[in-house]
Structures are given as C-alpha cells and as structure tokens.
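Colleague: pasted the sequence and its predicted model underneath.
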Amino acid sequence: MYYLPMKPLIVCVHAVTLLGSVCLAQPDPNWLNHDRTRPLPPEVQPGTPSTQEEPGRAPSDALVLFDGSDLSAWASLNGEATEWVIKDGAMECVPGSGYIRTRQSFGDCQLHIEWATPTNSEASGQGHGNSGVFFGLTRYEVQVLGSYGNETYADGSAGSVYGQYPPQVNASLPPGEWQTYDIIWTAPSFDQEGELLSKACLTVFHNGVLIQNHVQLTGPTDWLTRAPYSAHPAKLPIALQDHGNPVRYRNIWIRELGDSGKPEFLLPDSVLDSYTGTYQRRDGRTVTISRGRNGLLVLDFFGNRFDLYAQGPAHFFAKTTDVQCKFKILDGDPAVLISVGEGDDPYRKVE
Ligand code: MG
C-alpha cells in the first residue's frame, strides 16, 4: 500500500493559501462534468431591496441580526446588555457606551448591513459619522464614515479596510440617507500552534457598487500601525464601533458560508469564569475546567485537553473530539455533565 507522505502535502497547502488573492475554488473531482446524479443546490427565496423609507426583506436562508424591533442578538463587548438604543426602527450608537457585538460568533459569511450618518453634525474628516463594521470581534474593520463631500485620508474613508485598502470608488450618499454594505468575509485560519495558514479576505459592495474586490488583509486593522496576525478562533462575533458619533444601523442579516458547523456563542466572562474549577466524579476521579488561550474554557480530561465552544449559555462542545459539557445544578450543587461520544457522567464541583 502506498502512503502519501503528509509533511510535503501540508507544506504545499500552506504555499497555495499564502500565495495571493487568486481564486482558490476548484471543481470537485468527485463529480463528472454535468453529472446528473449530483445534488441540486437548495432553493432560497431571494430578499427584496431596501428603499430610503423601508428596509427590504432578507433572503429566506439568512439569519436576521436586527429587524428594527429588538437588540436580543446583540451585547456590549463584555457580553453584558448594550446601551445602544432603538429609535424609529434603527439601532443608534450612544457615544461613550462602547462597541456593540453579536452574541453569536461567525466565520466566513455574507453580511448585509445598512447605516446612516447624523445630519446635525458639524464635524469633518474622521469625526463625521465615524463607526465601523468589525469582523473577528474588534480586529478587522470595514470603515463606516460620512464620506459624502467629506475628505479624509483615503484608507480611512467609507468602505476602506481601515489603514490598508481605500475603497476603489467613493459611492457615498449624503448624511442621513440609508446606505448599504454587502460584505463577503473570509476569516483567517491558523494551525494548532497558532501559525497563520491563510489570510483574511474582504469583498465589499457599497450601495451596490463594488469597492473592495477580495482584498487580503495584512493583519488586524488599526490606527497608525499594521500589526501582524495573531491566532484567534475561526468564529467570533461581528461588532459595530462606537467612535463617538450617533451612527444608526438597520436591516442587518447574515448568511454563513461553507460548512459553518454548530452555532457558537461568545458568553460573558462572568459566565465563563463561573464554570471554572475542579469537578469530581462519583468514583472520586477529578477533571478541571479553566480559561485557556483566547479566553476559551479548557477541559482537562484525564490527560487530554479540549478547547470548549459555547453552543448555548450552559452547553459546550469540543471540535477535535465529540466531547459535550452541560453545566447544571444537581441536587443544589454546581455540576457538569460530560459526555464523550455517548452517555454522560455527572461531575460535581468540589473547588
Ligand atoms: Mg471607524
């Protein structure tokens, strides 16, 4: 039997993914050209476009993150309730209240979001209607700014990948008018050691006009600096910036792309911290749960360590092995039910 040597294969994959923003998708060799047995794509009811008066409808397979009625999908950065407010069907940044973020985490996705800058602002440059759509929590920003008749540096204007790529054109509308971003986000990927495997990419349409065409990010976006990548989970919340201006948002929906796996949520630190400790099984054996790199919970399970991802407020799963942890109160005591593949064993918290 012939075994493919693994190491050269991995080197080859690294080389391809780091080469550049060429089209990497290839036809699947498992199907013949025009193969009649190949499954057809799922049907989706398309959405409708927005007008200045009315937001449009999302496609049928989109997850609506904000429809003008409530902020239940959103939190402040630390996971607690946000101070942003809803006015006339839009959410509005309350200056000084901090960023707002989704409770759910997302990897590769298509994001539709509409925004409007204030009409009563005398400010100019970066001070006029500044906000931002961030991927990877607060790492990668598509700039939101009132760029209609308002000059600023190119890589900080509306639709720029902040500090890296100016938009190809300025498709801005005047202050107060609803503007749209349709964004394709490809998350960066990292190996187990935290080394970069592939860079993040962004494609952005501003009011229907292509302004960023699959640009590769150099790393996180920031003011005055281009920092290198540092490893983070593939899925993280999407955040909107509080830059001190009452920018409004409406009609926000998202479609996860590729094999997105289970829904994941980023829980508040206070909740995650409450789960850390040593837990004991009936036979006296113990396991520990702690906070690890990236703030994730880590289960130390008889010499094996698993990063735990939140599927719900008290339900976690590992990605490398089918390990599930469900935190609950058992006979008045904090406990965790741990299942590995089948059944589950109760472990009571002892410290
Ligand atoms: Mg900004």
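Modeller: That came through fine.
Colleague: when you work out contacts or count neighbours from here on, use the C-alpha atoms and nothing else.
Modeller: Noted.
Colleague: contact residues of the stretch 51-200 of the chain facing the ion?
Modeller: Counting by CA under 5 Å from the ion, the positions of the stretch 51-200 of the chain adjacent to the ion are 130-132, 143.
Colleague: repeat that for 8 Å
Modeller: The stretch 51-200 of the chain comes close to the ion at residues 126, 130-133, 141-145, 156, 162, as judged by CA under 8 Å from the ion.
Colleague: and whatever residue of the stretch 251-351 of the chain ends up closest to the ion, what does it touch?
Modeller: Closest approach between the stretch 251-351 of the chain and the ion, counting by CA to the ion: residue 252, at 17.9 Å. Residue 252 makes contacts with 64-67, 111-114, as judged by CA atoms under 8 Å, 6 or more residues apart in numbering.
Colleague: go through those residues and name the one nearest residue 269.
Modeller: residue 65 (22.3 Å; CA to CA).
Colleague: for residue 265, give the beta-bridge partners.
Modeller: When bridges are called by DSSP bridges, residue 265 pairs up with residue 104, residue 310.
Colleague: the residue of the stretch 251-351 of the chain closest to the ion should be in a strand, yeah?
Modeller: Yes - with DSSP: H, G, I helix; E, B strand; the rest coil as the criterion, residue 252 is located in a strand.
Colleague: returning to that earlier point: need the residues of the stretch 51-200 of the chain next to the ion in CSV with secondary structure and distance to residue 234, can you?
Modeller: What follows is those, written out as CSV (DSSP: H, G, I helix; E, B strand; the rest coil; distance: CA to CA, whole Å):
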residue, secondary structure, distance to residue 234
126, helix, 30
130, coil, 27
131, strand, 24
132, strand, 20
133, strand, 17
141, strand, 16
142, strand, 18
143, strand, 22
144, strand, 24
145, coil, 28
156, helix, 26
162, coil, 21
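Colleague: looking at the residues you listed, which is nearest residue 188?
Modeller: After measuring these against residue 188 - CA to CA - the closest member comes out as residue 141, at 13.9 Å.
Colleague: and the contacts of residue 252, which two are furthest apart?
Modeller: 67 and 111 (13.8 Å).
Colleague: pull the number of nearby residues for the nearest residue in space to residue 258 that is not next to it in sequence.
Modeller: Spatial nearest neighbour of residue 258, excluding adjacent residues (CA to CA, 6 or more residues apart in numbering): residue 108 at 7.2 Å. Neighbour count of residue 108, defined by other CA atoms under 10 Å: 21.
Colleague: name the helix or strand for residue 270, please.
Modeller: helix 269-275 (DSSP states H and E).
Colleague: what's whatever helix or strand comes next after that helix in contact with?
Modeller: Counting by DSSP H and E, the element after helix 269-275 in chain order, helix or strand, is strand 277-280. If you take CA under 8 Å, 6+ apart as the criterion, strand 277-280 is touched by 286-290, 335-336, 347-351.
Colleague: hang on, residue 298 packs against residue 307?
Modeller: Yes - using CA atoms under 8 Å as the test, residue 298 is close enough to residue 307 to be in contact (4.6 Å).
Colleague: give me the common contacts of those two.
Modeller: If you check residue 298 and residue 307 against CA under 8 Å, 6+ apart, the residues they both contact are residue 292.
Colleague: where do the helices sit along this structure?
Modeller: When secondary structure is read from DSSP state H, the chain shows helices at 6-19, 269-275.
Colleague: neighbours around the closest residue to the residue of the stretch 251-351 of the chain closest to the ion other than its chain neighbours, how many?
Modeller: Distance criterion CA to CA, 6+ apart; nearest residue to residue 252, sequence neighbours excluded, is residue 113 at 4.5 Å. Per other CA under 10 Å, the neighbour tally for residue 113 reads 18.
Colleague: likewise for residue 136?
Modeller: Using other CA under 10 Å, residue 136 has 23 other residues around it.
Colleague: local confidence estimate at the closest residue to it other than its chain neighbours?
Modeller: Of all residues not flanking residue 136 in the chain, residue 236 sits nearest, at 5.0 Å (CA to CA, 6+ apart). pLDDT recorded at residue 236 is 96.
Colleague: so who does residue 236 touch?
Modeller: 104-107, 135-137, 266 are the contacts of residue 236 under CA under 8 Å, 6+ apart.
Colleague: that older thread, what about the residue of the stretch 251-351 of the chain closest to the ion, distance to residue 175?
Modeller: As judged by CA to CA, to the nearest Å, residue 252 and residue 175 stand 19 Å apart.
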